[in-house]
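# give me a model of this one.
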Amino acid sequence: MAPDLGILRTLSKKNLDTALSLMRGNKILIIDAALTPTLDLIANFQFLRDHGVVKVHQLDTYEPGKAEENLNQTMYLIRSDLVSAKLVCNQINSNKSRMKQGFEMSYGVIVIPRQLHIITALFESEGIYELVKFGQYAYDLIPLDEHILSLQLDDVVRNFWLYQETSYLPTVAQSIFNLRGIFGDFHHLIALGPYSHSVVNLMNEYEIIYKKSLQAASRPTSEIPTVIIMDRSLDFVSPLLTPLTYEAMLDEIFGIRGKTITLDEQVTGKGPVKHVLTSSDEVFEKVRNLHFSKVVSQLLVESRQLKEEREKAATGAMDVKTMKKFVEEKVKGIQRYQKTLGLHLGALDVIIKEKANYIKKQLDLEDNIIDNTGHKEIHSFLEDSMAKGLDPITLLRLICLSSLAQDGIRDCRALKTQFIQSYGFNHMATLHNLEKMDLLYPFRGVEVNAKGVAQVFTKVVSNSASTSSGGSSNGKKTYAVPFQTVLKKLIPASNIDINFEEPEHPSYVFNGKYTPLIAELVDKILQTIIDPKSTSNLTLIEKKLDDLMKYFNIQDSVIQIKSGMEAYARGRNVLVFVIGGITRAEIAALQLVGKRCQISANIICGGTDITNGKKIVQQLTTA
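I've put the predicted structure just below:
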C-alpha cells in the first residue's frame with residue numbers, strides 16, 4: 001500500500017500558518033521570487049488572505065515608498081542567502097524617511113528554510129536589527145505527484161560542490177527524518193556519498209533529541225521500510241546526457257517548474273498556457289515514461305479512441321437513457337481529455353519539427369562519447385558550434401560529459417580559449433567553476449599510440465622514484481578513480497535486448513547506451529535485501545552491500561540494516577533521495593526497476609530538486 005504523501009503538504013501548510021502568525025493583523029507580504037513556485041505548491045492566495053495578507057509583492061520589484069498608507073506591517077519571506085537579506089535591508093532603510101514623519105512601520109522577516117546567524121549579523125551591521133521580528137519556516141518534502149517528492153532547492157549543486165556551503169544539510173536531514181515520525185522506522189537506511197553520510201549523522205542526532213517522541217509514536221511495521229540517499233556527484237553523467245522519455249524531454253525543451261509546464265503559442269496557437277503535469281492528467285500518465293519514439297503512436301491511439309467516443313454519441317447509437325447518462329458523466333470528461341490531448345500533440349509537434357534534427361546529431365555525439373570513440377568528430381562539432389554561436393549551455397554539457405566519460409578533454413586549453421572568444425570573457429569564471437567541480441579537465445588517460453607508450457614508461461619511472469624516496473610525485477594533485485571506470489560498468493552488455501516498446505532495462509531512458517547509476521544501485525540493493533539466501537542473515541546483507549559499494553568505487557557510505565525482506569509486511573515502499581537533485585529520466589528508470597522487482601516495489605523518488613543537465617550547468621554559469 002502506497003503511503004499518503006498528502007500528509008506532508010498538510011504539515012507544511014500548518015507550519016506556514018505558524019510562520020505567518022509572527023505578525024498578526026493586516027500586512028503586506030513581500031516574497032523572494034525564487035520562492036513563489038514553492039509556496040504555490042503548499043498554499044493558495046486565499047490561505048494568505050485568511051492570515052491577514054492584503055497585498056503580495058515580489059522582493060526584487062517592490063518599492064517601499066509606494067506602500068499602502070493604511071498598512072503599517074510588512075512581512076518578508078526570503079531564502080537564507082545574503083543577497084536577498086541585503087535587498088531587504090536596503091528596502092527597510094529606504095523606508096526610514098516615512099517613519100520619521102510619524103508613520104510607524106513594523107517589519108517581520110521569515111527565512112526559508114533556516115535562519116542563519118550571518119543574516120541577523122547583517123541586519124545588526126545595517127543598524128535595523130531592533131526594527132525587525134525574525135522567524136524561520138522549514139517546509140517538509142513537497143509531493144509533486146503520487147511518487148515524486150522535492151524540497152525545491154535549486155542551488156544545492158552550486159552551494160555544496162562549488163562553494164562547500166552546506167547550510168541546507170540540516171534541512172535535508174530533518175525532512176527525511178520527519179518521514180520516520182510519520183510513516184514508521186527505517187529498516188534499511190543506505191547513504192551513498194559524503195553529504196548523504198552527513199545527513200545520516202544528523203538524523204542520528206535528531207533520533208537522540210526526539211527519542212521520547214519516537215518511542216511514543218513507535219509502530220511494529222513501517223510504511224517506508226527502505227531509504228536510499230545518494231550524492232549527485234556520484235553520477236553527473238545522467239543529468240548531462242539527453243533523456244529520451246516523454247516527461248524528461250518536455251522538461252528539457254519547455255521546462256517544468258514544480259509540476260507545472262508553460263506551453264507557448266507555438267504549441268497552443270494562442271497565448272501561453274500553464275498546464276499541470278501529474279498522474280491526474282490521463283493522457284500524460286499513459287505516455288510520461290514511454291521512450292520518445294513510441295509517444296507518437298500512443299497519442300494517435302488515444303486520438304482515435306476519443307474520435308470513436310464522439311462519433312458514437314453523434315450518430316445516435318445510444319438510447320435516451322444511455323445518452324442522458326453519457327451527457328451527465330462523460331461529456332465534460334471527453335472535452336477535458338480532448339483539450340489535454342491537443343496540448344500534448346502540440347508539444348510533440350514542436351519538439352519533432354524544431355528540435356528533432358539537432359537532438360539526433362547530439363545523440364550520435366553522446367553515443368560516441370559514452371563509447372569513447374570519435375574524438376576528432378566530437379572536437380570538430382564543438383568548434384563548429386562555437387563558431388556558429390549555438391547555445392553555450394548545451395555545449396558546456398557536451399564538454400563536461402566528454403570530460404567525465406573520456407577521462408578528460410583532449411586539447412582542453414585550445415577548446416577553452418575558443419569558448420571564451422566565442423561567448424565572452426565572463427565565461428572565464430564559468431569554466432573555472434566547472435574545473436573546480438572536476439566536471440572539466442584536460443585528458444588524464446593514455447593515448448593508444450607511441451606517445452601513449454612513452455607516457456606509461458615515464459609514469460612507471462616517476463612512480464618508482466617517488467616510492468624509493470618515500471615522497472609524492474612532485475607534489476602534484478592525486479586524482480580519485482576516474483568516473484570512466486564506473487561508466488563502463490553502467491553500459492548494458494551486448495546480449496541485453498533494449499526493447500523500447502515494452503522496456504525491461506532502465507537504460508532505455510538513454511537509448512540503451514547507459515544505465516543511471518542510482519537505478520543500477522537500487523536494483524542491486526533490493527535484490528540483495530529480498531534474496532531468500534540472506535534475508536535472515538543481516539551481517540551477510542551488509543557484507544554484500546559493502547561489496548557493491550566497492551564495485552562502484554563509492555568510498556563513503558553508510559549501511560544500516562535492521563531486518564530483511566519481512567520489513568515489507570506493511571508496505572513495499574522504497575524512498576530514493578538524491579542530494580543535488582534527481583532527474584526525470586532517473587525517475588522513469590527507477591519506476592521500471594520497482595515494477596520489475598520481485599516484490600513489485602513502489603519506488604518514491606525524491607531530491608533536493610527535480611533537475612536536469614541544463615539546470616545544473618546554469619547554476620555554475622556566471623554570464
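# can you verify my assumption that residue 584 contacts residue 243?
Yes. Using CB atoms under 8 Å, residue 584 and residue 243 qualify as a contacting pair, with a distance of 6.6 Å. Every residue, glycine included, has its C-beta placed from N, CA and C.
# avg pLDDT for stretch 144-151?
Confidence over stretch 144-151 (mean pLDDT, whole number) is 96.
# and for stretch 525-535?
Per-residue scores along stretch 525-535 average to 86.
# show me which residues of that stretch are buried.
525, 526, 528, 529, 530, 531, 534, 535 (16 or more other CB atoms under 10 Å).
# quick check: phi and psi at the last one.
Translated: residue 535. Reported as degrees, to the nearest 10, the phi and psi values for residue 535 are phi -60, psi -30.
# residue contacts, it?
Residues counted as contacts of residue 535 (CB atoms under 8 Å, 6 or more residues apart in numbering) are 529, 541, 564, 565, 566.
# count of neighbours near the fourth one?
Meaning residue 565. 20 (other CB atoms under 10 Å).
# and it, backbone torsions?
Phi and psi for residue 565, reported as degrees, to the nearest 10, are phi -60, psi -20.
# correct me, but it touches residue 530?
Yes. At 4.6 Å, residue 565 counts as touching residue 530 under the criterion of CB under 8 Å.
# quick check: neighbours shared by the two?
Shared contacts of residue 565 and residue 530, defined by CB under 8 Å, 6+ apart, are found at residue 599.
# what's around residue 229, how many residues?
Using other CB under 10 Å, residue 229 has 26 neighbouring residues.
# once you drop chain neighbours, what's closest to it?
In space, not counting the residues next to it along the chain, residue 229 is nearest to residue 196; the distance is 4.1 Å by CB to CB, 6 or more residues apart in numbering.
# in which helix or strand would I find the one you found?
helix 194-209 (DSSP states H and E).
# same check, this time on residue 186
When elements are assigned from DSSP H and E, residue 186 belongs to no helix and no strand.
# how about residue 600?
Counting by DSSP H and E, there is no helix or strand that carries residue 600.
# inside helices: which ones of the buried residues of stretch 525-535?
Using DSSP state H, the members of the buried residues of stretch 525-535 that fall in helices are 525, 526, 528, 529, 530.
# how about the helices in the stretch 451-600 of the chain?
With DSSP state H, counting those that start in this stretch applied, the stretch 451-600 of the chain shows helices at 483-490, 517-530, 538-551, 584-596, listed in chain order.
# and the closest residue in space to residue 95 that isn't next to it in sequence, how many neighbours does it have?
Among residues not flanking residue 95 along the chain, residue 64 sits closest, at 4.0 Å (CB to CB, 6+ apart). Other residues near residue 64 come to 19 when the count uses other CB under 10 Å.
# pull the contacting residues for residue 64.
Neighbouring residues of residue 64 by CB under 8 Å, 6+ apart: 74, 91, 92, 94, 95, 98.
# kindly recompute the last result at 10 Å.
Contact criterion CB atoms under 10 Å, 6 or more residues apart in numbering gives 28, 30, 57, 74, 90-98, 105 as the residues in contact with residue 64.
# next: residue 137.
12, 15-16, 18-20, 22, 35, 39, 42, 77, 110-115.
# need the buried residues of stretch 525-535 in JSON lines (columns: distance to residue 411).
As requested, the buried residues of stretch 525-535 are arranged in JSON lines below (distance: CB to CB, whole Å):
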{"residue": "525", "distance to residue 411": "40"}
{"residue": "526", "distance to residue 411": "43"}
{"residue": "528", "distance to residue 411": "44"}
{"residue": "529", "distance to residue 411": "47"}
{"residue": "530", "distance to residue 411": "49"}
{"residue": "531", "distance to residue 411": "48"}
{"residue": "534", "distance to residue 411": "50"}
{"residue": "535", "distance to residue 411": "53"}
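# what about the nearest residue to residue 263 once chain neighbours are set aside, distance to residue 79?
Nearest residue to residue 263 in three dimensions, chain neighbours excluded: residue 273, at 5.1 Å (CB to CB, 6+ apart). Look at residue 273 and residue 79: by CB to CB, to the nearest Å, they are 29 Å apart.
# kindly report the same for residue 431.
Taking CB to CB as the measure, residue 431 and residue 79 are separated by 27 Å.
# more crowded one of those two?
Each of residue 431 and residue 79 had its neighbours counted (other CB under 10 Å), and the higher figure belongs to residue 431 (21 against 18).
# now do the buried residues in the one helix or strand that one maps to.
For residue 431, the host element (DSSP H and E) is helix 427-436. Within helix 427-436, the residues that qualify as buried are 427, 430, 431, 433, 434, counting by 16+ other CB under 10 Å.
# I'd like to know which elements that helix is packed against.
When contacts are defined as 3 or more CB pairs under 10 Å, 6 or more residues apart in numbering; DSSP states H and E, helix 427-436 packs onto helix 392-405, helix 412-423, helix 613-619.
# try it again with 8 Å
Packing partners of helix 427-436 (3 or more CB pairs under 8 Å, 6 or more residues apart in numbering; DSSP states H and E): helix 392-405, helix 412-423.
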